[in-house]
Each structure stands twice: as structure tokens, then as C-alpha cells.
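J.: for reference, the sequence and a predicted model appear below.
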Amino acid sequence: MFSAVLVANIVSWVIVTIIGWLVFFVFMDALGDEFERRMSSGPKIEFPQITTPPPPTPQEIQARKERERQLAADRKWREQQAQQKQAAIAGARENCNFWRTQYQKDNDPKSRAYRDMACTRLQSYLRQ
């Protein structure tokens, strides 16, 4: 009697396992079908076509080289202007300091006039 109950339990377990696997595969198949339906019926996305620009023409190449040359010349000119301005400021500062010292030494009205003129020139350079 014990062996009959054991065999019945084993058979029941095998049947339940087979039914469970069948239900699992049916569920997974339905899930896969639904996923495929949603993926295929989704919004269509159109990506723009990638195009490469045409190679530059000889005129465009020449124009680009000319533009680069002009930019380099402008940059060099600005650097020279800045150097000239710095040199002018340094000279005006030196001149102002000289006449300031000279006026302190001799208290001469001519030295005062030169000092005022030199320091005014320095201030005008510094304002620019």
C-alpha cells in the first residue's frame, strides 16, 4: 500500500510538472507575440540621410587661404599696435617721472609746465 501511494504521488508530481511547463510555454509564447506586435506597430522613425559635403572648389580653397592670410595679417597688425602703445606709454611714463623729479629739484615754472604736459600725455595714453 505504501508503494502505491508513493507511485501515485510521483505520477501526480510528473503530471503537475508537465502541465506547469505547458502553461509556462503558452504564456511565454503569448508574451512574445504581444511584444512582437507592439514592436512592429510602433511609430516609424525616419532618420535623416547622412550626406557628406562636396569637396571644396579651387575658388573656395583660394578664398579660404586668402581669408586665413588676412586674419594672420590683422592679428600681426594688432600685436604691433599693442606693442607700439606699450612703448609709447613707457616713454610717456619715463618722461612724466623725469619732469616730476626735475620740478621737485628746481621748482622752476618751465619744469612745472613740462611736467604737466608730459603727465597729461601719459594720462591720455592710459585712457585709450
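T.: Here it is on my side, so go on.

J.: please make it C-alpha for all contacts and neighbour counts, starting now.
T.: Will do.

J.: in the worst-scoring helix or strand of the chain on mean pLDDT, which residues are buried?
T.: Between all helices and strands in the chain, the lowest mean by mean pLDDT, DSSP states H and E belongs to helix 2-40, at a mean of 88. Within helix 2-40, no residue is scored as buried using 16 or more other C-alpha atoms under 10 Å.

J.: also stretch 109-128?
T.: Here stretch 109-128 shows 111-112, 114-115, 118-119, 121-122, 125 as buried, counting by 16+ other C-alpha under 10 Å.

J.: for the record, mean pLDDT for the helix or strand containing R64?
T.: Assigned by DSSP states H and E, R64 belongs to helix 58-106. Per-residue pLDDT values across helix 58-106 average out to 93.

J.: quick one on the thing from earlier: which one of the buried residues of stretch 109-128 is nearest R67?
T.: Proximity of the buried residues of stretch 109-128 to R67, judged by C-alpha to C-alpha, is greatest for Y125, which lies at 32.2 Å.

J.: the closest one contacts I89, correct?
T.: Yes. Using C-alpha atoms under 8 Å, Y125 is in contact with I89, at 6.1 Å.

J.: circling back: now, the buried residues of stretch 109-128 that are in helices?
T.: 111-112, 114-115, 118-119, 121-122, 125 (DSSP state H).

J.: got TSV for the residues you listed, with pLDDT and distance to F35 too?
T.: Supplementary listing: these in TSV, determined by pLDDT from 0 to 100; distance: C-alpha to C-alpha, whole Å:
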residue	pLDDT	distance to F35
S111	90	98
R112	91	96
Y114	91	94
R115	93	92
A118	93	88
C119	93	86
R121	93	84
L122	91	82
Y125	88	77
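
J.: nearest to E79, of those residues?
T.: Y125 (16.9 Å).

J.: flag every buried residue along stretch 87-94.
T.: Neighbour count says stretch 87-94 has 89, 92-93 buried, by 16+ other C-alpha under 10 Å.
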